[in-house]
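Participant: Return atomic coordinates for the entry below.
(one chain, ligands or ions: 1)
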Amino acid sequence: MTASNPVPTIALNNDTSIPQLGFGVFKVDPPETERIVTDALEVGYRHIDTAAAYENEGGVGAALKASGIARDELFITTKLANPRQTQASAAFEESLEKLSLDYVDLYLIHWPTPERDTYVQAWKELETIAESGRAKAIGVSNFLVPHLQRLFEETSIVPAVDQIELHPAYQQPDVTSFAHEHGIHIEAWGPLGQGKYDLLELPQITEAAAAHGKTPAQIVIRWHLQRGNIVFPKSNRRERMAENFDVFDFTLTDAELGAITALERGGRVGAHPNELN
Ligand code: NAD
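Facilitator: The predicted structure is shown next:
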C-alpha cells in the first residue's frame, strides 16, 4: 500500500508479492477487452487476472502497453488451458506473446482435469518456467486437497496460490485450511458469486452496507479482504470497477464478518473440479 495505491500486498511463498485486490476478465469479450482493461487501469487496478481460455490475452496486452504503466507496477496472471497441459512451455510462450510481455507475475494450471491425468506433467513444466524467471510465481487453480497432495508427492515447488471458487455461500473450508497449512494463498474466483444468487440482497450483507454507507458488493469484497483472500471481481462497467476498488476506508466488525461467514451452504455456482475437462 502507498499513498497513491491503497491496495495491500500479500507476500507469496517465493519472495514475490501480489496486490490483494485485482481485476478479472473472465467472459470479457475479446474485442472489448482493451477498452475494459484500460478503464480498470485508470480506476487504479494494477493486478489483472486473465487466462488463455478467455481468449482475451491480446486485449489485456494491448491495454497494458497503451497505459504506459511501468511493468514493475503491474501484476499479471494468466493460466494454462486444459488441452495444453502436455505442452505447457509452448502454451506459455503463446500467452507471453499475446500479452506482449517478457514475463508474467503468476502462471497457473487452470483446472486439474483429473481425467486427463496430465497436471503433474504440466506442473513440472511450470517449475522449469519458474526457474527461467519468466513466471515470477507459479500456482494452480481449482485444485482440491488430493490434487495438491499429489503435487507435493511428485514435484518440487509448492504452488504459491490455489485459485478456487469462493464466496459466502461456498467457502471451501477444507481446501482453504489445507492450503494455508502449506503456505499456499487462496485466490477467490467468483468473489461476488458471479451474480448467480441473491448474495447482494441477503440481510447480513445489506445491513452491513447500511451501517457503513457502502454498497452490498463493497461489503462482500471487504469480507474477502479481511478473511485474507486475494480477489479480482469483474465488471464491464467503469462505475462498478470504481465501486469495487473503493473498499479501503472502512472495516467490518467481527460480528459482521461472522454473520457473513455463517452464510456458507455448500452453494457452488461453477463447475466441480473433478468434472471439468
Ligand atoms: P464475480 O463474482 O466477480 O462476478 C462478476 C459479476 O458480478 C459481474 O458480471 C456483474 O454481474 C456482477 N458485479 C460486479 N460488480 C458488481 C457490483 N459492484 N454490484 C453488483 N454486481 C456486480 O465473477 P467472476 O468474474 O467469475 O470472477 C472474478 C474473476 O475470477 C474472473 O473474472 C476471472 O478472472 C476469475 N475466475 C477464475 C476461474 C477459474 O476457473 N480459475 C473461474 C471463474 C472466474
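
Participant: ok, and the closest non-adjacent residue to Ala63?
Facilitator: Val37 (3.6 Å; CB to CB, 6 or more residues apart in numbering). The way it works is simple: take the backbone N, C-alpha and C, and place the C-beta from them, glycine included.

Participant: That neighbour - that's part of a helix, no?
Facilitator: Yes - using DSSP: H, G, I helix; E, B strand; the rest coil, the assignment for Val37 is a helix.

Participant: what's near enough to touch it?
Facilitator: Contact analysis of Val37 by CB atoms under 8 Å, 6 or more residues apart in numbering lists Phe23, Val25, Val28, Ile48, Gly59, Val60, Ala63, Leu64.

Participant: and which of the residues you listed is nearest Pro112?
Facilitator: Using CB to CB, Val25 is the member of these that sits closest to Pro112, with 22.1 Å.

Participant: wait, the closest one sits on Thr50?
Facilitator: Yes - Val25 lies in contact with Thr50 (CB atoms under 8 Å); the separation is 5.0 Å.

Participant: joint contacts of the two?
Facilitator: Asn56, Val60.

Participant: Which single residue of this protein ends up nearest the ligand?
Facilitator: Gly24 (2.4 Å; CB to the nearest ligand atom).

Participant: My read is that that residue contacts Ile230, right?
Facilitator: No - counting by CB under 8 Å, Gly24 stays clear of Ile230, with 10.9 Å between them.

Participant: secondary structure element for the residue minimising distance to the centre of the chain?
Facilitator: For the chain, the residue nearest the mean C-alpha position is Glu187 (4.7 Å; CA atoms, centre = their mean). Following DSSP states H and E, one finds Glu187 within strand 185-189.

Participant: Over to Leu225?
Facilitator: Using DSSP H and E, Leu225 falls in helix 216-227.

Participant: Between Val25 and Thr50, tell me which one has more neighbours.
Facilitator: Thr50 (29 against 26; other CB atoms under 10 Å).

Participant: Looks like the more buried one contacts Val60 (just checking).
Facilitator: Yes - under the criterion of CB under 8 Å, Thr50 makes contact with Val60 at 5.0 Å.

Participant: what is in contact with those two at once?
Facilitator: What both Thr50 and Val60 touch, as defined by CB under 8 Å, 6+ apart, is the set Val25, Ile76, Leu99.

Participant: returning to that earlier point: for the residue of the chain closest to the ligand, what are its contacts?
Facilitator: Neighbours of Gly24 in contact, by CB under 8 Å, 6+ apart: Ile48, Asp49, Thr50, Trp189, Phe232, Pro233, Lys234.

Participant: neighbours around Ala63, how many?
Facilitator: So Ala63, with other CB under 10 Å, has 22 neighbours.

Participant: got a list of contacts for whichever helix or strand it is part of?
Facilitator: Using DSSP H and E, Ala63 sits in helix 57-67. When contacts are defined by CB under 8 Å, 6+ apart, helix 57-67 is touched by residues 25, 28, 30-38, 41, 48, 50-51, 74, 76, 78, 95, 98-101.

Participant: Keep only those of the shared contacts of Thr50 and Val60 that are in strands.
Facilitator: In this view, the shared contacts of Thr50 and Val60 that belong to strands under DSSP state E are Ile76.

Participant: what's the pLDDT at Leu276?
Facilitator: Note for Leu276: predicted pLDDT of 88.

Participant: ok, it - contacts?
Facilitator: Asn82, Trp111, Thr113, Asn142 are the contacts of Leu276 under CB under 8 Å, 6+ apart.

Participant: mind checking the SS state of Ile18?
Facilitator: Quick answer, by three-state DSSP: Ile18 is strand.

Participant: give me the beta-bridge partners of it?
Facilitator: Ile10 (DSSP bridges).

Participant: So it versus Glu264, what's the distance?
Facilitator: 25 Å (CB to CB, to the nearest Å).

Participant: and this structure, which of its residues are near the ligand?
Facilitator: Within reach of the ligand by CB under 6 Å from any ligand atom, the chain has these residues: 24-26, 49, 110, 141-142, 163, 189-195, 200, 217, 232-235, 240, 243-244, 270.

Participant: Counting neighbours, which of those end up buried?
Facilitator: 24-25, 49, 110, 141-142, 163, 189-194, 200, 217, 232-235, 240, 243-244 (16 or more other CB atoms under 10 Å).

Participant: Can you list which of the residues you listed are found in helices?
Facilitator: Ala217, Arg240, Glu243, Asn244 (DSSP state H).
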